[in-house]
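Colleague: This is the structure alone, sequence omitted:
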Ligand SMILES: Cc1cc2nc3c(=O)[nH]c(=O)nc-3n(C[C@H](O)[C@H](O)[C@H](O)COP(=O)(O)OP(=O)(O)OC[C@H]3O[C@@H](n4cnc5c(N)ncnc54)[C@H](O)[C@@H]3O)c2cc1C
Ligand SMILES: Cc1cc2nc3c(=O)[nH]c(=O)nc-3n(C[C@H](O)[C@H](O)[C@H](O)COP(=O)(O)OP(=O)(O)OC[C@H]3O[C@@H](n4cnc5c(N)ncnc54)[C@H](O)[C@@H]3O)c2cc1C
């Protein structure tokens, strides 16, 4: 069975302490209301090495693995799901740059990500119906030593001009299957020809703004091609595996955080001259919540550990994403109920945990998409 | 066959109400959600147009209508997905206390204003330390000559900011039996010693003003007690049946609306070159949810009919309140899953519907309390 080693336990603890010190609950309500990214806290977290922990050390990263990144995600979200999601999504896509880009591009991008100077996001989806990679219609055309991009992307996190986007484009314009015709191109947010449209308030995860981005004859240097031309499909797949595991870890932390709060409440709140925690129904609810959280933890870290050992299994990863996100939604929902009327008030925080959990469940592959993928893999060709 | 028989008069009322809502409410809803409250003027407009307190008898300005008018109001408000102008709460939950237990003088003084919308009402039972355990309330009302002096605090009170008149539950500390200590009082806005606390920020119901109320040495005339001293708890128990039924109706109507949105969405949205509703998993989900909604509708309509016959349906109403409010939340969430990523955006109505629905399993008695009541009346 997978177990944390000493340095991993230290990271777990450090992430917990940092979050407890920095994630102020009033500030959380304010930033969620104004939909602001917690810039100062992000920079502080970067200074302490919590950002880019799995990026190589030569580019100021932590040189560690996905397990460590998950420990940070879990513990950040446990303390506060909205801060946690914003900080752990801040460098989305940078893993692919580290893995596939050439040295020059890595050198200009990665240190800035690790030092909290640059946000990055992935621009893959083109509709609300997600990552059906075969229907990508954003075109990247080589033009001398530059690349010309045209198209439109939806649900891109970390909007803003002060960042970079990893854009999945079609580069082979013949009838080649997507496995051979897609490529990833890095684009800066302030590039001419880009229009970034804020998607507005979301159900949750409101410290991370999402956008629809239109590329109208956007020109980037040819060296911004990340990895090999035409290999975008498998590269994106690997990146999404990684992001699904990270999302599972965020959801796990969100579930644990909601459970922590519910537990605190039922041990202290009295009705009918009894602590809520003395009612049999309450005890059974807590029992189920705690069991679900343990299951989510097992499958999430198993998936992360396999990934780090080079044994990533996309089916298992989808299972982890599905189970962990479902757990977060159910546990946070029950937490609201256990808090009674107070659970419906923003002040109680659990309603926000619920909303964030639902976003984690819907993003990077919702229930239907996960079941489709898992079903296809388990049944195989028939 | 219809369980509820709506007459031509009812249908005319429904049409007028739908027209009123389309003109006076729908265009302003987004703004009111931002404001976290509706303007008092909309209450007056609704009242003047005849949509508040249809059950109040004609001599006090009402329609003297039956419970079907309440059903219609609830249904039409659900259709536009609006919570702020809490007409059902005012007309079917709070005002009935005055109608049923008020003295002739009280009725003459307050009911016409309740009907016209000049008097917005609230009911204040819940306290910071007494929610489910209503009898554990600590707000006191102590007689002093021909006055009563009130001290204590209430929380999570709907219409808490806008209300002009509060039906307040308080205990006489001299009486040791917790249930017999409770009486209901009418407290007017601007009575010295009655203050609003915080206007609370919530997950949903954002155009509804939920607030804390504080009473410190608040003097009201003794004549403002509703009914006999010590009858408050029984009065509450008598009226809570209707409150829970209203809540169950609201849940079913909201779920029906959600299914309309879902059907529309899954018909027009193309995935992999075919409409979403051509996928087997989507079809089964829609069939299962529609079955739930229809079961809910049938149950609730039957209870409305029984309620109008004056039958005792405590057990069934408690069951309906818990089942329908869980159901609407289940349906809302499952539809978000069907909608996928687009349900994440607040520009998609599903997001707000889910936030609004979540409160239903908590207020008007939590769903755990509903099951407890049913168990008790089933003799367990
Ligand atoms: C906070 C946040 C950050 C994000 N960041 C980014 C980002 O940086 N870059 C980016 O590109 N994207 C981002 N996304 C979007 C994310 O990648 C999306 O989750 C992704 O587009 C989901 O795609 P999916 O294919 O997994 O499908 P889903 O969105 O899960 O699929 C959508 C829906 O399609 C329907 N569906 C599809 N196929 C079928 C079928 N066969 N049968 C029945 N129904 C079907 C289902 O209803 C399903 O739920 C973000 C999202 C959020 C919320
Ligand atoms: C938006 C909103 C509007 C409201 N409007 C009004 C209003 O207008 N007037 C008013 O008076 N009140 C109002 N309320 C208050 C509402 O009725 C109470 O919140 C509700 O009754 C629960 O009480 P509580 O919040 O104190 O929760 P608690 O009673 O503390 O309950 C907490 C949890 O413990 C559970 N629990 C309690 N007792 C038991 C038991 N014996 N066995 C098992 N589980 C138990 C509950 O089910 C719940 O899950 C409103 C609430 C909200 C959220």
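Modeller: Cool, the structure landed. Since the model is a prediction, treat every value here as computed from it, not as a measurement. Numbering: from 1, shown residues only, chains lettered A, B, ... in the order given. Ligands and ions are numbered 1, 2, ... in the order given.

Colleague: Only C-alpha atoms from now on, for both contacts and neighbour counts.
Modeller: Will do.

Colleague: And the strands in chain B?
Modeller: Ranges of strands within chain B are B:121-124, B:140-144, B:147-158, B:165-171, B:182-188, B:194-199, B:210-221, B:225-226, B:270-271, B:274-275, based on DSSP state E.

Colleague: Leaving out the residues flanking it, which one is nearest to residue 333?
Modeller: You didn't say which chain, so I picked chain A. Spatially, and ignoring its direct neighbours in sequence, residue A:333 is nearest to residue A:354 (5.9 Å; C-alpha to C-alpha, 6 or more residues apart in numbering or on different chains).

Colleague: My question was about chain B, not that one.
Modeller: That would be residue B:354: by C-alpha to C-alpha, 6+ apart, it lies 6.8 Å from residue B:333.

Colleague: Now residue B:378. Its backbone dihedrals?
Modeller: Backbone torsions for residue B:378, taken as degrees, to the nearest 10, come to phi -80, psi 0.

Colleague: Was I right to think it contacts residue B:315?
Modeller: Yes: contact criterion C-alpha atoms under 8 Å: residue B:378 and residue B:315 qualify, at 7.2 Å.

Colleague: of these two, who's got more company?
Modeller: Per other C-alpha atoms under 10 Å in any protein chain shown, whichever of residue B:378 and residue B:315 has more neighbours is residue B:315, with 18 against 10.

Colleague: before we move on, back to that, what's near enough to touch the residue nearest to residue B:333?
Modeller: B:329, B:332-333 (C-alpha atoms under 8 Å, 6 or more residues apart in numbering or on different chains).

Colleague: same question, residue B:199
Modeller: Residue B:199 touches B:160-161, B:209-212, counting by C-alpha under 8 Å, 6+ apart.

Colleague: One more pass at 10 Å, please.
Modeller: B:36-37, B:155-157, B:160-161, B:208-213 (C-alpha atoms under 10 Å, 6 or more residues apart in numbering or on different chains).

Colleague: any idea of the pLDDT on it?
Modeller: Note on residue B:199: pLDDT of 97.

Colleague: Compute the distance between it and chain A, please.
Modeller: 11 Å (C-alpha to the nearest C-alpha, to the nearest Å).

Colleague: separation between residue A:249 and ligand 1?
Modeller: 14 Å (C-alpha to the nearest ligand atom, to the nearest Å).

Colleague: give me the element the residue nearest to residue A:333 is part of.
Modeller: Using DSSP states H and E, the element containing residue A:354 is helix A:350-362.

Colleague: So is that helix next to ligand 1?
Modeller: Yes: using C-alpha under 6 Å from any ligand atom, helix A:350-362 comes into contact with ligand 1 via A:359, A:362.

Colleague: hmm, that helix touching ligand 2?
Modeller: No: if you take C-alpha under 6 Å from any ligand atom as the test, helix A:350-362 misses ligand 2, and the best it gets is 11.4 Å.

Colleague: From the chain's centroid, how far away is whichever helix or strand comes after that helix?
Modeller: Once the chain leaves helix A:350-362, the next helix or strand it forms, by DSSP H and E, is helix A:367-379. Distance, stretch centre to chain centre, for helix A:367-379: 20 Å (C-alpha atoms, centre = their mean, to the nearest Å).

Colleague: How about stretch B:364-374?
Modeller: 16 Å.

Colleague: go on, stretch B:344-357?
Modeller: 20 Å.

Colleague: rewinding a little: list the residues that contact both of residue B:378 and residue B:315?
Modeller: What both residue B:378 and residue B:315 touch, as defined by C-alpha under 10 Å, 6+ apart, is the set residue B:372.

Colleague: For the spatially most central residue of chain B, give me its contacts.
Modeller: Centroid check for chain B by C-alpha atoms, centre = their mean gives residue B:89 as the closest residue, at 3.8 Å. The contact partners of residue B:89, by C-alpha under 10 Å, 6+ apart, come to B:53, B:74, B:83, B:95, B:121-123, B:158-159, B:243, B:246-247.

Colleague: What of residue B:150?
Modeller: Residue B:150 touches B:139-143, B:168, B:170-172, B:185, B:187, B:193-194, B:214-220, counting by C-alpha under 10 Å, 6+ apart.

Colleague: likewise residue B:248?
Modeller: B:242, B:254, B:296-297, B:299-300, B:303, B:317-326, B:328, B:360-361, B:364.

Colleague: swap in residue B:235?
Modeller: B:97, B:100-101, B:182-184, B:226-227.

Colleague: What about ligand 2: which of these touch it?
Modeller: By C-alpha under 6 Å from any ligand atom, no member of those lies near ligand 2.

Colleague: Ligand 2: which of those residues is nearest?
Modeller: residue B:184 (12.0 Å; C-alpha to the nearest ligand atom).

Colleague: Give me the number of neighbouring residues for residue 229.
Modeller: Picked chain A for this. Around residue A:229 there are 16 residues (other C-alpha under 10 Å).

Colleague: You answered for a different chain; I wanted chain B.
Modeller: Neighbours around residue B:229, by other C-alpha under 10 Å: 15.

Colleague: Cross-check the contact I'm expecting between it and residue B:180.
Modeller: Yes: counting by C-alpha atoms under 10 Å, residue B:229 touches residue B:180, with 8.4 Å between them.
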